[in-house]
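A.B. asks: Turn this into a structure:
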Amino acid sequence: MRTKPVEDVLGQKDRLQRRLGPLSLMGFGIGIVIGTGIFTLTGVEAQDHAGPAVTVSFVLAGIASLLAALCYAELASSVPTAGSAYTYAYATMGEIFAWIIGWDLVLEFALGAAVVARGWSGYLAELFNLPTTLFGEDSVVNVGAIFITLLLGAVATVGIRQSSRVTNVLVVVKVAICLFVVVAGLFFVKTANLAPFVPPARPADEGESGLTQPLSQLLFGLEPSAYGIAGVLTAAAVVFFAYTGFEAVANLGEETRNPRRDLPLGLLGTLGVSTLLYVAVSFVVVGMVDYREIDPGAPIASAFSAVGLDWASSLISIAAVAGLTSVILVDVVAIGRIGFAMSRDGLLPQRVGAVHPRWGTPYRLTAGITVFIALLAGFVPLSSLANLVSIGTLFAFVVVSLAVPILRRTRPELRRSFRVPLSPVLPVLSALACLYLMTNLSVETWLRFLAWLALGMIVYLSYGRRRSYLQNAVSNSSRSPGEPASPL
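C.D. replies: As a prediction, the model looks like this:
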């Protein structure tokens, strides 16, 4: 339960180079948020759970994300360092919670990058008619997923400035295509497709039971259902996946030129732009096509094909490739910063997080995690594990939300250039909202998440607990005069 003093966090000698401004931070944030969600989840959740009210689901998920973003903004402006939620937990709740969050974030970003890499491979195969034996989910070895992961891992290893330039170009492409979808699609919206806006509730399919049903339904003995208000809320928990990743901006605190000003702008700007695009695009899609006829695999492209604009499908596929590319890149960058913070604290070997003298990045860690993600993306079908990304992110949001009132109470004198309004009410509401969304995920997702945390505890108890620099500091301070200091 030992905590790391904020002064130690801000005064650490091994630091990354400050090269990013607010626009670059928003580029990274939008680069990771606008991706898989906007190109696939709209159709899936409209057809399975919410109908046209999937737009409301995006709004609800966006509100929960906004509450968490406010908490991230205060902590990021107060403690601008690499590691984000991991570092905030270390300074407020204790080392064990910090380790759990760090381990959880590794799962979120690594698995997210692997899932998106496989999706990228599939879109590329569809766009250029590439062989499915090497690209897409039917391949034994997904060469496309391996290729894009290694390529973007090399970009992330070489430097943050290069990563920022690539990301910004890709963000411009996909935002432009999203705006095209909204403007062009509005001319084909039919009010008949929007009625009933919230379809009447009905029993869910037989397959949604046992381990596949939401945890809340199992705990309270509720009958699985689709559509209605319950369907809209279930869809909100699932489309929350579309918002995961904006917190990656907080991982870049050490590389931001003016973090106390720019980090809140980057976080809230990312979420504001992404929410507007999600709501607008989802409204256009369900307005163009009856939600029962939407192609869940490619909802936007199929909507334009249904109204006779086949040429638009190619543009949308290009945007999807660009969107997914930037998601993978920012995921790899984020993992590198989290691992760097953990190795600097002694919870991982220090050599792993070494910073390259010229590139200014944790190059060994970034290269190693890139190879790990490439293996996952190339050989493991990850569609059934995608919900782990959502539950991992929500868990981190709960910790960050609770860290705000804790740090206000323990360190009231700390400089805060951004403050969450109505604290502690809004942080507590944020934590409760995220917990509620977590209960709407399936039982099997919870079991896999708990298994991953158990594995992390084994690693911490066998290595990190004994090698932690805080533990070493306590040991050295309590040694008798003349006794040699610990080599660490």
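A.B. asks: For the stretch 51-200 of the chain, which segments count as helices?
C.D. replies: Assigned by DSSP state H, counting those that start in this stretch, the stretch 51-200 of the chain shows helices spanning 54-78, 85-92, 95-128, 143-158, 160-186.
A.B. asks: out of the ones you listed, nearest to residue 339?
C.D. replies: helix 95-128 (7.2 Å; C-beta to C-beta). Every residue, glycine included, has its C-beta placed from N, CA and C.
A.B. asks: got the buried residues for the closest one?
C.D. replies: 95-126 (16 or more other C-beta atoms under 10 Å).
A.B. asks: quick check: mean pLDDT across it?
C.D. replies: The average pLDDT for helix 95-128 rounds to 82.
A.B. asks: mind checking pLDDT for residue 453?
C.D. replies: So residue 453 comes in at 90 (pLDDT).
A.B. asks: Output the helices of the stretch 51-200 of the chain in TSV, with distance to residue 428 appended to each entry.
C.D. replies: Below are these laid out as TSV (distance: least, C-beta to C-beta, whole Å):
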stretch	distance to residue 428
helix 54-78	10
helix 85-92	15
helix 95-128	17
helix 143-158	36
helix 160-186	34
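A.B. asks: show me where pLDDT drops low in the stretch 1-150 of the chain?
C.D. replies: 1, 3-19, 35-37, 39-40, 80-84, 137 (pLDDT under 70).
A.B. asks: doesn't residue 285 make contact with residue 43?
C.D. replies: Yes: counting by C-beta atoms under 8 Å, residue 43 does reach residue 285; the two are 7.1 Å apart.
A.B. asks: shared neighbours of those two, anything?
C.D. replies: Jointly contacting residue 43 and residue 285 under the rule C-beta atoms under 8 Å, 6 or more residues apart in numbering are 294, 299-300.
A.B. asks: helix/strand/coil for residue 418?
C.D. replies: With DSSP: H, G, I helix; E, B strand; the rest coil as the basis, residue 418 sits in coil.
A.B. asks: I'd say it and residue 71 touch.
C.D. replies: No: counting by C-beta under 8 Å, residue 418 stays clear of residue 71, with 10.3 Å between them.
A.B. asks: which one of these two has more residues nearby?
C.D. replies: residue 71 (27 against 19; other C-beta atoms under 10 Å).
A.B. asks: Which of the shared contacts of residue 43 and residue 285 sits closest to residue 389?
C.D. replies: residue 299 (19.8 Å).
A.B. asks: Can you tell me the closest non-neighbouring residue to the closest one?
C.D. replies: residue 43 (2.8 Å; C-beta to C-beta, 6 or more residues apart in numbering).
A.B. asks: Secondary structure element for the one you found, which one?
C.D. replies: helix 42-45 (DSSP states H and E).
A.B. asks: follow-up on the earlier one: so residue 43 and residue 285 - more neighbours on which side?
C.D. replies: Legend: neighbour count by other C-beta under 10 Å for residue 43 and residue 285, higher for residue 285 (28 against 25).
A.B. asks: which residues touch that one?
C.D. replies: 42-43, 46, 185, 294, 299-300, 303.
A.B. asks: Now stretch 376-383: average pLDDT?
C.D. replies: 75.
A.B. asks: Identify the residues contacting it?
C.D. replies: Against stretch 376-383 from outside (C-beta under 8 Å, 6+ apart): 110-111, 113-115, 117-118, 121, 137, 141-143, 145-146, 149.
A.B. asks: Closest one of the residues you listed to residue 471?
C.D. replies: Nearest to residue 471 among the contacts of stretch 376-383, with distances taken as C-beta to C-beta, is residue 110, at 26.8 Å.
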